[in-house]
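K.L.:
Dropping the sequence and predicted coords here.
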Amino acid sequence: MHCALRHTFGVKCALCGVTHSLCATARGDIAGALKYHLLGPVLFGFIIFEIVYRMWAIAVSPKRVGWIIRKLHMGLIALIVFAIFANWVLYLGGRLL
């Protein structure tokens, strides 16, 4: 599917190229992944972390997962979302000036 924002206005959205970047990272082509989206390899690592974290949390039981780990996890998610937004703003700033 094509990006509606890019198709309509000619501007990439915040996540344009992430799928291609994740696939390139999975193949081990980090340089290619960075060409599609700068945060692709970081998001790939985060997804791997999420899989391991969720399996661990299920094994331990959500009630026993400490609040510190839950807070760190939520902070990491917030950091990823902020990085995606900041990357998009920098892209827009470079394209619109």
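P.N.:
The structure has been received and is ready for your questions. Numbers count the residues shown, from 1 in each chain.
K.L.:
confidence score at the nearest residue to residue 13 once chain neighbours are set aside?
P.N.:
Nearest non-adjacent residue to residue 13, counting by Cβ to Cβ, 6 or more residues apart in numbering: residue 5, 4.4 Å away. Every C-beta, even on glycine, is put in place using the N, C-alpha and C of the backbone. What the model reports as pLDDT for residue 5 is 78.
K.L.:
just checking, residue 5 touches residue 11?
P.N.:
Yes. Look at residue 5 against residue 11 with Cβ atoms under 8 Å: they come within range, at 6.0 Å.
K.L.:
measure the residue nearest to residue 13 to residue 16 for me?
P.N.:
Between residue 5 and residue 16 the distance, using Cβ to Cβ, to the nearest Å, works out to 8 Å.
K.L.:
Check residue 51 too.
P.N.:
Using Cβ to Cβ, residue 51 is found at 24 Å from residue 16.
K.L.:
Show me which of these two is the more surrounded one.
P.N.:
Per other Cβ atoms under 10 Å, whichever of residue 51 and residue 16 has more neighbours is residue 16, with 18 against 10.
K.L.:
For residue 11, what are phi and psi?
P.N.:
Residue 11 adopts backbone torsions of phi -120, psi 130, taken as degrees, to the nearest 10.
K.L.:
Residue 40 - nearest residue in space that isn't next to it in sequence?
P.N.:
Nearest residue to residue 40 in three dimensions, chain neighbours excluded: residue 21, at 2.4 Å (Cβ to Cβ, 6+ apart).
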